[in-house]
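**Q** next come a sequence and a model predicted from it.
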Amino acid sequence: MLAGYTGARIPLFDFPFSIMQINAAQYLNLAAAPERLTETLDIRITEHAFLPSVDEILGDWVATVATPAFKLIRGQQGAQPAFCSIGTGVGLDALAAIEILGATRIGVTDVHEDVVDAAVENIRRNLEDPGSIEIVAGFGDLLAPLVSPENAERPRYDLIYENLPNIPVSDTETVATARKSAGHVPPRPEPIPALLRRNLLALHYIALLKARDFLNPGGAVLSLIGGRIPLDVFREMGWIAGYRSEIFTYGWKIQTDPEEIISGHVEQQEAGFGPYHFYRVERLAEVFADVSPEDSGKNAHEIERMLVPDMLSPAEALARWKAGEMIGHTVVSLRSSPV
């Protein structure tokens, strides 16, 4: 299905949703009121959407990881008029791109129809000038929903953004229920190199392969990935996929849904994959205290070496979390340009 929303607001929903209100300046860490967004974001959330972590901002991907990377891209490269999000969730990533990157043409996809419909509505309803943004949206696999049956021409973007799940499951039913799509990858038909399969990078790798045909000349893919594996593996993934990849920013976040996600990594490591690692939040906050987003990518390997003595295996991290400790993990924004 392809849904192109370029004019009026879509009709009211005929499925259940809840509403979350977010202070835009605080969420995006803006120095002043937003220019293109409403000051209070009115976000509608359906039952399949991954919940933003606004009550614990250090656990939120868009606020903690994507926003600093977007600001750095804007400072280094200028505006990115055409922006696409694969797996958009509630659409906060696209709203951040509109405000920070100056995006005016937006593509959004997700695996659930209700999630995409709500995301488009969230984008429209939170713009000061809804008519200033062109949106193409659809539900389905990665970038495929953006190609219309009537028009096989692929839309092109300056920046394709993805923050995709990584824990494999053996059936599609798990992903089709509740909010499991936030953490789990259903079986894939594509061949995955052993190194990437072992390090739970299958969907990120496939996204890179698919994205090549949707990039403008000079465009790039920005992948946000939990840094629970060695940093060198991320750059190797880019090389295998035919990209020149760099650790653009390196940071940390609190582990959201710790019981589900850490347990998933325990199971994968016990099955012979990995190894994966987590950290105590206090140690992460200490190590990254004075590291700017710009310096974080340049010094990522040095920071990684500093953290080696503090690594926790998934089993250790799960036990500490059950004992009441806050657990986090490092995060990577990987910028990849086709070779």
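**A** Great, that's in hand.

**Q** CA only for contacts and neighbour counts going forward, please
**A** Will do.

**Q** next, count neighbours for the closest residue to residue 192 other than its chain neighbours.
**A** Distances taken as C-alpha to C-alpha, 6 or more residues apart in numbering put residue 202 closest to residue 192, at 6.2 Å, once the chain neighbours are dropped. Number of residues near residue 202 (other C-alpha atoms under 10 Å) recorded here: 25.

**Q** do residue 23 as well
**A** 16.

**Q** follow-up on the earlier one: quick one, what contacts the residue nearest to residue 192?
**A** Applying C-alpha atoms under 8 Å, 6 or more residues apart in numbering, we find residue 202 in contact with 166, 192, 196.

**Q** which among those residues count as buried?
**A** The neighbour count (16 or more other C-alpha atoms under 10 Å) marks 166, 196 as buried among the contacts of residue 202.

**Q** which of the contacts of residue 202 sits closest to residue 137?
**A** residue 166 (22.9 Å; C-alpha to C-alpha).

**Q** right, and that closest one touches residue 184 too?
**A** Yes. In this structure, residue 166 is within contact of residue 184 by C-alpha atoms under 8 Å, at 5.8 Å.

**Q** how far away is residue 238 from residue 339?
**A** Taking C-alpha to C-alpha, to the nearest Å as the criterion, residue 238 is separated from residue 339 by 10 Å.

**Q** save the contacts of residue 202 as JSON lines, and put in secondary structure too.
**A** JSON lines is the format used below for those (DSSP: H, G, I helix; E, B strand; the rest coil):
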{"residue": "166", "secondary structure": "coil"}
{"residue": "192", "secondary structure": "coil"}
{"residue": "196", "secondary structure": "helix"}
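
**Q** can you report how many residues lie near residue 321?
**A** 18.

**Q** contact partners for it?
**A** Shown in contact with residue 321 (C-alpha under 8 Å, 6+ apart): 258, 327.

**Q** run the chain-centre distance for stretch 309-316.
**A** A distance of 24 Å separates the centroid of the chain from that of stretch 309-316, by C-alpha atoms, centre = their mean, to the nearest Å.

**Q** higher neighbour count, residue 238 and residue 339?
**A** Neighbour totals were compared for residue 238 and residue 339, and residue 238 leads with 23 against 10 (other C-alpha under 10 Å).
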